[in-house]
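K.L.:
sequence first, predicted model second:
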Amino acid sequence: MDLESALEDCSSALKLFLNNRFADALAHLKPWKEESMYHAVGYSSMLVMQAGMTFDPKDVDAAMTSLRESLQTCER
């Protein structure tokens with residue numbers, strides 16, 4: 001995926017997220033989160049915000065795992 005397409009795709013996911021369509025936003029980013037650093041950072045950021053809002057230990061663990069994976073994707 002080229003830069004322009006990645007940014008447009010992440011922008012669409014952000015719009016979904018900001019319109020309270022959290023599951024749709026995450027589903028939109030998930031297929032590319034291991035290939036695109038923009039998708040990886042967007043995906044993990046959304047999970048971090050969710051964890052911060054719920055304080056649910058499962059959400060916090062999912063966010064931490066996603067952040068680690070995002071870092072690995074960005075380091076490639």
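P.N.:
Everything's here; your move.

K.L.:
do you know the pLDDT at V41?
P.N.:
pLDDT, V41: 96.

K.L.:
likewise for the one 3 residues further on?
P.N.:
At S44 the predicted local confidence, pLDDT, stands at 97.

K.L.:
and what of D56?
P.N.:
Reported pLDDT for D56: 96.

K.L.:
burial count for it?
P.N.:
11 (other C-beta atoms under 10 Å). (C-beta placed from N, C-alpha, C; glycine too.)

K.L.:
same deal with Q72?
P.N.:
Q72: 11 neighbours (other C-beta under 10 Å).

K.L.:
from S44, how far off is it?
P.N.:
Counting by C-beta to C-beta, to the nearest Å, the gap from Q72 to S44 is 11 Å.

K.L.:
what's the answer for M64, then?
P.N.:
In terms of C-beta to C-beta, M64 sits 9 Å off from S44.

K.L.:
what sits in contact with each of Q72 and S44?
P.N.:
Shared contacts of Q72 and S44, defined by C-beta atoms under 8 Å, 6 or more residues apart in numbering, are absent.

K.L.:
report the rounded mean pLDDT for the helix or strand containing L26.
P.N.:
Here L26 sits within helix 22-29, counting by DSSP states H and E. Average pLDDT, helix 22-29: 96.

K.L.:
buried residues in that helix?
P.N.:
F22, A25, L26, H28, L29 (16 or more other C-beta atoms under 10 Å).

K.L.:
tell me, how many residues neighbour K58?
P.N.:
Neighbours of K58 (other C-beta under 10 Å): 9.
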